[in-house]
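Participant: Have a look at this prediction, sequence included:
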Amino acid sequence: MSASEKTAAGVSTLTLHLHLLPQDILVEILSKLPAKSLVRFRCVSKFFYALIVDHGFGVLHRTLSLTLPSKAAILIAIIPSRRPRSVPSAPAYYTINFSKENPRRPGMLQADRLGYLDGDEPFLKGCLHSSSDGLICLSRPNGDIVVVCNVSTGQRISLPRFQFDSPHGTKTCALLGFDSQSKRYKVLMIDRRSCFEYKHWVLTLGVDKSWREINYSSHPLDGVGCAGYSDTSVHIDGVIYFYNWLTRDDPPSFHIVAFEVWSESYSFIPIPAEVTSSSPHLRSIDASGETYHYTDFVLRNFALLQVDGGRLAIIYVHNIGHLFNMVVWTLEKSKGCWEKITMIIPFKFDLYRFTTNHAGEIVLLCIDSKQFFILVCNLKSEVWRKFDVGGVKEFPICFPEDVRIYKTMDHVFSIE
């Protein structure tokens, strides 16, 4: 018997035994398998296919993945440095799992290359700026290509092309969120027409055939400001949060926009005055164009994250003299206020991006003169851990704006 025949016989035997199990036990077993294995199991039988693509099973698998460290990771996308910078270059994608420490080198995490994402035209510079669970949303700045991809399985879908009616050109930002009511993912598209003219569109994955324009508050929303920066938006429990640096107030007052995916409606959360006063970069306004200008420094050092307990947090990293400080404001909804924590970071580094891990700890992707490394901070204990990153020798010393980092997890939920 050949190797392929033995494999086929083994699969048939396994299938027979699985079908003999009660359905509730079978569902429990399958829900704990990796997404890649489940994708292969869909080909076993019609029953398996129907079960694995079922929305209820996808939600169950997603819920378990949120609680299992082995199914959680961070996704890093790096665009190789190049000259001239106007020439686009395809990014390299890696995942790092905190439960897979290198046994030969304690304190070393191994980065795994996601080769199936390399070289595809939709994944060019500046297009990755949104994530939800294990899905990422990629789009070109002009919105003519929008792709949603499952990091675990490699499944991807291209969304309908966005139709523009602005004679002055446009700039878009696509943000992904999960609607817990319909159990569907939605993409919010913010389309900037001019300094204070924006339109807002939504598309429900697997349902809508075209983009739907939605009504929004008359307050101007600068959603496009997060288009090039992965750490300025976050999805928490069916709400997409992002900064709004657009204001006509004098002195300026900024806030966070909360977009509820289910109702497709906006609300606003004031940013603590202490945040805006902590950096002089947040004070400049171009009066002639009525456009607020913020620097790369501000966008790189300010982040919105979901920290321990599902709380929304503003993170700010800065250095005073030779010491690096991290200031964290967490939103306590029950108290209706922000609470502040300040910590000294016991390392020297150049900061690239922020995210969080499966435990709600803050993760900083940093670089020194030699290599990339990761700092992890537990907010409760205020303890820092440092991990070197292996398998990334091909990483160039690149520009911070060319790096993206997200929390991700094993995910079999169908996006079609």
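Facilitator: Yep, that arrived. Owing to the predicted nature of the structure, the values given are computational and were not obtained by experimental measurement.
Participant: mind checking which helix or strand the most centrally placed residue in the chain is in?
Facilitator: Nearest to the mean C-alpha position of the chain, by Cα atoms, centre = their mean, lies residue 131 at 3.0 Å. Assignment of secondary structure by DSSP states H and E places residue 131 within strand 128-132.
Participant: So, low pLDDT: which residues of the stretch 251-400 of the chain?
Facilitator: 251-253, 276-300, 369-370, 392-400 (pLDDT under 70).
Participant: Do you have the helices of it handy? List them.
Facilitator: 273-277, 296-301 (DSSP state H, counting those that start in this stretch).
Participant: Identify each buried residue in the strand holding residue 131, please.
Facilitator: 128, 129, 130, 131, 132 (16 or more other Cβ atoms under 10 Å). Where you see a C-beta, it was placed from the backbone N, CA and C, and this is true even at glycine.
Participant: correct me, but the second one touches residue 187?
Facilitator: It stands for residue 129. No. Counting by Cβ atoms under 8 Å, residue 129 does not reach residue 187; the two are 11.7 Å apart.
Participant: Need the residues touching each of the two.
Facilitator: Taking Cβ atoms under 8 Å, 6 or more residues apart in numbering as the criterion, residue 129 and residue 187 both touch 137, 174, 175.
Participant: Whichever of those end up buried, select them in ChimeraX.
Facilitator: Listed next is the ChimeraX selection for buried residues among the shared contacts of residue 129 and residue 187, using 16+ other Cβ under 10 Å:
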select :137,174,175
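Participant: any idea which of the shared contacts of residue 129 and residue 187 is closest to residue 324?
Facilitator: Nearest to residue 324 out of these is residue 175 (Cβ to Cβ; 30.0 Å).
Participant: Now do the closest one against residue 148, distance only.
Facilitator: Note on residue 175: its distance to residue 148, by Cβ to Cβ, to the nearest Å, is 11 Å.
Participant: picking that back up, from the buried residues of strand 128-132, which has minimum pLDDT?
Facilitator: Within the set of these, pLDDT is lowest for residue 129 (73).
Participant: Just want to check the distance between it and residue 67.
Facilitator: Residue 129 is 27 Å from residue 67, by Cβ to Cβ.
Participant: can you count the residues close to residue 177?
Facilitator: As a burial measure, residue 177 scores 25 neighbours (other Cβ atoms under 10 Å).
Participant: cool, the one 10 residues further on as well?
Facilitator: Applying the criterion other Cβ under 10 Å, we find 23 residues in the vicinity of residue 187.
Participant: wouldn't it be in contact with residue 206 here?
Facilitator: No. Counting by Cβ under 8 Å, residue 187 does not reach residue 206; the two are 11.6 Å apart.
Participant: Show me how the record splits the protein into domains.
Facilitator: With domains defined by automatic domain parsing, the chain comprises 3-64, 74-307+396-409.
Participant: Tell me the span between the first and last residue of the last one.
Facilitator: Domain 74-307+396-409 has an end-to-end distance of 8 Å (criterion: Cα to Cα, to the nearest Å).
Participant: And for stretch 27-37?
Facilitator: 14 Å.
Participant: so how far is it off the chain centroid?
Facilitator: Relative to the centre of its chain, stretch 27-37 is centred 23 Å away, using Cα atoms, centre = their mean, to the nearest Å.
Participant: can you pull the buried residues of that stretch?
Facilitator: Buried, per 16+ other Cβ under 10 Å, within stretch 27-37: 27, 30, 31, 34, 35.
Participant: Those residues in helices, which ones?
Facilitator: Using DSSP state H, 27, 30, 31, 35 are the members of the buried residues of stretch 27-37 that sit in helices.
Participant: Please tell me how far residue 387 sits from residue 40.
Facilitator: The gap separating residue 387 from residue 40 is 31 Å, by Cβ to Cβ.
Participant: Residue 260 too?
Facilitator: 37 Å.
Participant: Could you do residue 271 as well?
Facilitator: Distance of residue 271 to residue 40, given as Cβ to Cβ: 47 Å.
Participant: So for these two, which residue has more residues nearby?
Facilitator: More neighbours surround residue 271 than the other of residue 271 and residue 40, with 20 against 14 (other Cβ under 10 Å).
Participant: So that one sits against residue 241, correct?
Facilitator: No. In this structure, residue 271 is not within contact of residue 241 by Cβ under 8 Å, at 11.3 Å.
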